[in-house]
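Visitor: just a sequence and a predicted model for now, questions to come.
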Amino acid sequence: MTTTPPPGRATPGTGETGTPRIAVVGVHGHGASHVRRVSELEARGEARLVAVVDPREPDREALDASGATWYAHLGDLLSGPEPLPDVVVLSTPIHTHLPLAQAAMEAGIDVLLEKPTTASLAEHAALVDVARRTGRLCQVGFQTYGSHALPAVTAMVESGEIGEVTGIGAVGAWVRTASYWARSAWAGRRHLDGHDVVDGVVTNPLAHAVATALRIGGARRAEDVAYVDTELWHANPIEADDTSSVRVVGTDGRRYGFGLTLCTDVRTASRVIVHGTRGTITLEYEFDRVLLRTGSVTAEKEYGRTDLLEDLLAARRTGGPLLCEVAETGAFMRVLEAVRTGPEPREIVSDDAWLEWRGTDDGRWPVIADIESWCERVAAEQKLFSELQAPWTR
C-alpha cells in the first residue's frame with residue numbers, strides 16, 4: 001500500500017509537464033555529483049531539480065542558477081507548501097539512511113540511496129519492509145550494478161570459459177590521506193552518538209568490490225550467505241578498519257576472498273577476479289573493463305554502463321525491475337553486519353619493516369609494505385591475512 005501524502009499536498013508525479021521532480025539530500029562532498037547528474041538530465045528534458053536539502057546552505061549563486069529550493073532538513077521539504085518531489089536522492093551519513101529513506105517512501109516518494117544501504121542488517125530488513133509496504137522504489141547506489149560488464153562476466157562463467165570456478169576474489173588498493181578521515185564527524189567511525197556508523201574500508205570506500213564480487217557469484221540476498229570471517233586492521237588513528245581481509249562462503253558453497261586497503265603506495269585499479277580451473281576473468285569495475293585469461297586466450301574488452309538514476313526513472317515509467325533493488329543488497333549487508341559485530345579493528349604498529357608514513361599534514365598517509373600483494377593472495381586463496389602470515393599480524 002502506498003502512503004498517501006498529508007492533506008493539501010500534491011501527489012508525487014503529478015507535475016504539469018510530467019517531468020520527474022527530483023530532490024537531492026546531502027549536497028556537499030559526493031552529493032554534489034548527484035546534483036550535477038540531475039542537472040544533466042534536466043538539460044535533456046528528462047528530470048527537474050526542484051530541491052536540495054542540507055543543513056549547510058549551498059553556494060547561493062549556484063542555487064539560484066539551478067532554480068531549486070534549499071531546505072535545511074528533509075522534514076522541512078516533506079512538510080512544506082510545495083508539491084512533493086517524485087524522487088529523492090539520499091547522499092547522507094550512513095546512520096541516517098534508514099530514517100530518511102523511510103520518511104521519503106512513506107510520503108510516497110521513490111528513493112535512490114547511496115551505499116552502503118544501512119548501518120546494520122536489522123536496519124536493512126526494516127528498509128526492505130518499508131519499500132514492500134509502501135510500494136515505493138528503492139534503488140541503492142552500487143553503480144557497478146549498472147555495468148554491462150557484469151552480465152558479460154556471468155555469461156563467460158556459465159559458458160565454461162575458465163572451467164570450474166574455484167573462488168571469487170576482490171582486490172582494492174587505494175590511497176586515503178588524513179584529510180579523508182577529517183572530512184566529517186562520522187568518517188572512520190564505527191559508532192557515533194549512540195548510532196552504528198561502520199565507516200571502514202570494507203563497508204564504504206571499497207564496498208563496491210565486495211558487492212560486485214558477490215553479485216557476480218550469484219549471492220544477492222542475505223540468505224545467500226552461509227557465513228563471513230573478518231580480520232580488520234587499521235594503520236590510521238581511526239576507530240574503523242582501513243586494511244582488512246574478509247572470507248565469505250555462500251549457501252551454495254562458493255568461496256569469496258576480499259583483500260582491501262587504503263594504505264598502499266600508489267592507487268591501482270580495483271578488481272574482481274573469478275578464478276577457474278582453466279583461467280581467470282578479471283573485472284576492473286571502475287572502468288567496466290574485462291580481461292579473460294586462459295591457457296590459449298587473452299582477451300580484453302570494455303563495456304558500457306547504465307546510470308542508476310536513469311534506471312530508476314525508467315522503472316517508474318515501465319514498472320520494470322531495478323538494477324540494484326534494496327533487497328538485492330542483502331548479501332553485502334551480511335558482510336557489513338559481520339564487520340559491525342565482529343572484533344574491533346586491531347592497530348598495525350608502526351615499524352620500519354612493514355609500515356612507513358608518506359606526505360605531511362592533511363596529505364599524510366600510511367603505507368604498508370607489499371600490501372597489494374597480500375590483498376591479491378587473500379583474493380586468490382580466500383584466506384585471511386593472519387592465515388597467510390602477513391608480517392604485521394605476527
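Guide: That came in fine, so what should we check first?

Visitor: quickly list what residue 299 is bridged to.
Guide: Note on residue 299: beta-bridge partners by DSSP bridges are residue 292.

Visitor: show me where pLDDT drops low in the stretch 1-150 of the chain?
Guide: Applying pLDDT under 70 to the stretch 1-150 of the chain flags residues 1-17.

Visitor: where does residue 139 land in three-state SS?
Guide: Recorded secondary structure, residue 139: strand (DSSP: H, G, I helix; E, B strand; the rest coil).

Visitor: measure it to residue 306 for me?
Guide: When distance is defined by CB to CB, to the nearest Å, residue 139 is 11 Å away from residue 306. Quick note: C-beta positions are derived from backbone N, CA and C, even for glycine.

Visitor: what of residue 361?
Guide: Distance from residue 361 to residue 306, counting by CB to CB: 41 Å.

Visitor: ok, back up a step: list the residues that contact both of residue 139 and residue 306?
Guide: Residues touching both residue 139 and residue 306 (CB atoms under 8 Å, 6 or more residues apart in numbering): residue 323.

Visitor: neighbour count for these two, which is higher?
Guide: More crowded of residue 139 and residue 306, by other CB atoms under 10 Å: residue 139, with 25 against 14.

Visitor: surely the more buried one meets residue 111?
Guide: Yes - at 7.1 Å, residue 139 and residue 111 qualify as touching, with contact defined as CB atoms under 8 Å.

Visitor: so which residues make contact with the helix or strand where residue 273 lies?
Guide: Following DSSP states H and E, one finds residue 273 within strand 271-276. With contact meaning CB under 8 Å, 6+ apart, strand 271-276 is reached by 153, 157, 161-171, 209, 212-213, 216-217, 280-285, 379-380.

Visitor: assign residue 37 to helix, strand or coil.
Guide: Here residue 37 is recorded as helix under three-state DSSP.

Visitor: SS state for the nearest residue to it once chain neighbours are set aside?
Guide: Closest residue in space to residue 37, ignoring its immediate chain neighbours: residue 309 at 6.0 Å, by CB to CB, 6 or more residues apart in numbering. At residue 309 the chain is in helix, as set by three-state DSSP.

Visitor: count of neighbours near residue 309?
Guide: Counted with other CB under 10 Å, residues neighbouring residue 309 total 23.

Visitor: contacting residues around it?
Guide: The contact partners of residue 309, by CB under 8 Å, 6+ apart, come to 22, 34, 37, 38, 41, 47, 87, 89, 112, 139.

Visitor: helices - which of the residues you listed land there?
Guide: With helices taken from DSSP state H, the overlap with the contacts of residue 309 comprises 34, 37, 38, 41.

Visitor: return the residues in contact with residue 312.
Guide: Residue 312 is in contact with 87, 110, 112, 137, 139, 322, counting by CB under 8 Å, 6+ apart.

Visitor: what sits closest to residue 131 if chain neighbours are left out?
Guide: residue 138 (4.4 Å).

Visitor: what's the distance between the one you found and residue 312?
Guide: Counting by CB to CB, the separation of residue 138 from residue 312 is 9 Å.

Visitor: need the overlap of contacts for these two.
Guide: 110, 322.

Visitor: what helix or strand does the residue most central in space within the chain sit in?
Guide: Central residue of the chain (CA atoms, centre = their mean): residue 115, 3.6 Å from the mean position. Assigned by DSSP H and E, residue 115 belongs to no helix or strand.

Visitor: so it versus residue 69, what's the distance?
Guide: Counting by CB to CB, the separation of residue 115 from residue 69 is 27 Å.

Visitor: check residue 107 too.
Guide: 16 Å.

Visitor: and the residue nearest to residue 131, how many residues sit next to it?
Guide: 27.

Visitor: return the set of residues that bridge with it.
Guide: residue 111.

Visitor: after the helix or strand where residue 317 lies comes which helix or strand?
Guide: Using DSSP H and E, residue 317 sits within helix 308-318. Per DSSP H and E, helix 308-318 leads on to helix 330-341 as the next helix or strand towards the C-terminus.

Visitor: buried residues in that following helix, which are they?
Guide: The neighbour-count check on helix 330-341 (16 or more other CB atoms under 10 Å) flags 330, 331, 332, 333, 334, 335, 336, 337, 338, 339, 340 as buried.

Visitor: other residues contacting it?
Guide: 116-121, 124, 128, 142, 190, 196, 198, 200, 202-203, 207, 210-211, 214-215, 219-225, 228-230, 232, 241, 244, 246, 248, 250, 258.

Visitor: just checking, next helix/strand downstream of that helix?
Guide: strand 346-347.

Visitor: and that following strand, what other elements does it pack with?
Guide: strand 225-234 (3 or more CB pairs under 8 Å, 6 or more residues apart in numbering; DSSP states H and E).
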